[in-house]
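> sharing a sequence plus its predicted fold:
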Amino acid sequence: MRKIALVLSGLVALAGAACSSQAAAKTAAPKKPALAHSVTITEGDMFVRGSATKVAAGNVTFTVTNSGAIDHEFVIVSGDPTGTSGDEVGRVSEADHVGGEEGPEIGEIAPGKTKTMSATLTPGTYTAMCNLPGHFGGGMHFEFVVE
């Protein structure tokens, strides 16, 4: 009888430990971090770097600083324009420009200057770039995802 009581109390203790560890696992599950609604962009002579590669759908603000020695611009297109031809030699196509042909962009950012732009983005993959002649081909672009 005593052995049965010990076995039963051991089973109760194991069941209690299992329940408490399952409860702890449920409460300790990490939350997925919120996606950004703003991105800091650094442009330099033949690079573009963003502070985030995933952003939230909706209105997104881009703060763009030109840390290079020459003028740059900032354009966003949906998808990847690699291999396309733009309106001038050395440019890629802006046919998928965010917001259409008259969509938001920053046309000129002088060396050492910072400008801001906002765009309404839907889920998908986008390319942010400087599309001055030769700049995209020189590496001034990066892809990001909107979820």
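That came through, no problem.
> quick check: can you list the domain ranges of this protein?
Under the assignment automatic domain parsing, the domains of the chain span 1-30, 38-146.
> you'd agree T42 is up against T65?
Yes: with contacts counted by CB atoms under 8 Å, T42 reaches T65, the gap being 5.5 Å. No exception for glycine: its C-beta is placed from N, CA and C like everyone else's.
> coming back round to it: what's the most buried one of the domains of the chain?
For the domains of the chain, the largest average neighbour count (mean count of other CB atoms under 10 Å) is found in domain 38-146, namely a mean of 16.
> start and end of it, how far apart?
Here the two ends of domain 38-146 are set 12 Å apart, with distance taken as CA to CA, to the nearest Å.
> quick one: mean pLDDT for it?
Across domain 38-146, pLDDT averages out at 97.
> check the offset of it from the chain's centre.
Counting by CA atoms, centre = their mean, to the nearest Å, domain 38-146 is centred 13 Å from the centre of its parent chain.
> phi, psi of V39?
phi -130, psi 130 (degrees, to the nearest 10).
> report the contact partners of it.
Taking CB atoms under 8 Å, 6 or more residues apart in numbering as the contact definition, V39 lies against G50, S51, A52, V55, V60, T61, F62, T63, F144.
> do the same with D71
Here D71 is in contact with E108, I109, A110, P111, L132 (CB under 8 Å, 6+ apart).
> next step: the residues you listed restricted to helices.
Assignment to helices by DSSP state H places none of those there.
> quick one, helices of this structure?
2-28.
> so where do the strands sit in it?
Taking DSSP state E as the criterion, the chain carries its strands at 38-44, 47-50, 54-55, 58-66, 72-78, 106-109, 114-121, 124-129, 141-146.
> which one of the contacts of D71 is nearest K31?
Nearest to K31 out of these is I109 (CB to CB; 36.5 Å).
> for beta bridges, what are the partners of the closest residue to the closest one other than its chain neighbours?
In space, and not counting its chain neighbours, I109 is closest to N66: 4.2 Å by CB to CB, 6 or more residues apart in numbering. Counting by DSSP bridges, N66 is bridged to E43.
> does N66 touch C130 like I think?
No: assessed by CB under 8 Å, N66 is found out of contact with C130, at 9.0 Å.
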